[in-house]
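Asker: quick one, structure for this:
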Amino acid sequence: MLTKTALKTLFELWKEGGFSVVFWDGEEVCYGTVNPAFKIIFHREPKLSDVKEDIILTLGEAYVKGIIDFVGPLDNVIATMFKNSNDKAKADFKLQALARQLKEVDESVESLNIHKHYDLGNDFFSLWLDKTMSYSCAYFKTDEDTLYQAQIQKIDHSLKKLNLKENEKLLDIGCGWGWLAIRAAQQYKVHATGITLSKEQYEGACARVRDLGLEDLVDIRLENYMDLNPKQEQFDKIVSIGMFEHVGKKYLPLYFAKVTELLKGNGTFLLHSIMGNFEAPTNAWMKTYIFPGGYVPTLRETMQLLPEFDFRVLHLESLRRHYAKTLDCWYDNFQQKLPEIEKMYDKQFIRMWRLYLTGCASAFRVGGIDVYQCLLTKGIDNKRPMTAEYMYK
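Answerer: Just a heads-up that it's a prediction; the model follows:
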């Protein structure tokens, strides 16, 4: 009874939109002010300790554990979540009052942390990423583009924006498996340095550089970008794709300070990052299970930091719909490889990744997040092309 009371307290706070809940005892309750757009079905009664003050964390954990399932488009679930995101303070207040009545209940719960419990490496990601192993937003020119084509197009689109010249020095912060650095060297004859904190990415990227005979042009390092010494090396161009979200809110100024130190005067910086529309704490479920320590900055707070480090905005592009399609492709690949994934990981892990991939795709379609490519210069650059046409040739 107390568990159902706690859950109903949470669900009653979602007043925008409409949904229904079928509890484990068969009771069905409708919430919101309009006809239900989706249904939450409880297969069994959760422990009271499974009910958190954060409704998103509660539902996310319950789904992963197989306690609930959603019936209806997940886009509707995500849209309802974002419509009601401002009710968090009310939820905290009501649940704190309820918690005082339940103070004798043991609230300890075992927390899954994928960085502690699972070693996610090449074997896992290679099953459902494309052969570039790009774990970031692709760039689709047509609906018929394959994921591989779209990832190559993203790399090419990014390199065109940098307006690279032969023999320039390029730094890729968070280089992944090295495809951007390698393609930059192949197409523009630049000296590309890629840095990553992942040992598996480092080893994979280095092997590919050796196989292609590009050791003279491409240098892959297992290193933290903060450890790079601007007195020893600076770069004409810097690119960072899908890494900014992992910096953390309090370190955002340090990130830009380091980039501006490493960038030559009038140099160009391309920042590719997920960003939110409004300042808010990171989704509790995502922070706990997928990206511990991560923070999705807003476009507004990112732009406000730039003048402090003499960055000027040259071009800004939203790739929101591209990321939704990218995630859909990843999910389709993930589903196709389920027999192999089931041999590697348990059911909770698989449900966690299903929810992550489909939930993020829905969030980009109907939620409050976007992904931007911000093209910046350090100081004033009057030598660039007058228009952006060169980016799209």
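
Asker: now Arg208: closest residue in space, sequence neighbours ignored.
Answerer: Gly178 (5.9 Å; Cβ to Cβ, 6 or more residues apart in numbering). Every residue, glycine included, has its C-beta placed from N, CA and C.

Asker: wait, what's in contact with the one you found?
Answerer: Counting by Cβ atoms under 8 Å, 6 or more residues apart in numbering, Gly178 makes contact with 194, 201, 204-206, 208-209, 218, 220.

Asker: try 10 Å this time
Answerer: 132-133, 172, 185, 192, 194, 196, 201-202, 204-209, 212, 214, 218, 220 (Cβ atoms under 10 Å, 6 or more residues apart in numbering).

Asker: kindly report the same for Leu180.
Answerer: 132, 134, 136, 151, 154-156, 158-159, 170, 172, 174, 192, 194, 239, 241.

Asker: where does it land in three-state SS?
Answerer: Recorded secondary structure, Leu180: helix (DSSP: H, G, I helix; E, B strand; the rest coil).

Asker: how far away is it from Phe364?
Answerer: Using Cβ to Cβ, to the nearest Å, we find Leu180 at a distance of 22 Å from Phe364.

Asker: got the contact list for stretch 71-78?
Answerer: 17-20, 22, 36-41, 56, 59, 70, 79, 324, 354-355, 358-369.

Asker: still on that earlier bit, buried subset of the contacts of Gly178 as a ChimeraX selection?
Answerer: Of the contacts of Gly178, the buried ones go into a single ChimeraX selection, burial set by 16 or more other Cβ atoms under 10 Å:
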select :132,133,172,185,192,194,196,201,202,204,205,206,208,209,214,218,220
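
Asker: so of the contacts of Gly178, which ones are in strands?
Answerer: 172, 192, 194, 196, 218, 220 (DSSP state E).

Asker: in TSV, list the residues you listed along with distance to Arg300 and pLDDT.
Answerer: Formatted as TSV, the ones in strands among the contacts of Gly178 follow (distance: Cβ to Cβ, whole Å; pLDDT from 0 to 100):
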residue	distance to Arg300	pLDDT
Asp172	26	99
Ala192	32	99
Gly194	30	98
Thr196	29	93
Val218	36	99
Ile220	35	98
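
Asker: so where do the helices sit in the stretch 1-150 of the chain?
Answerer: Here the stretch 1-150 of the chain has its helices, by DSSP state H, counting those that start in this stretch, at 2-11, 55-64, 74-83, 88-101, 114-117, 122-128, 147-162.

Asker: and Thr268, which of these is closest to it?
Answerer: Comparing the helices of the stretch 1-150 of the chain by their distance to Thr268 (Cβ to Cβ), the top pick is helix 147-162, with 5.5 Å.
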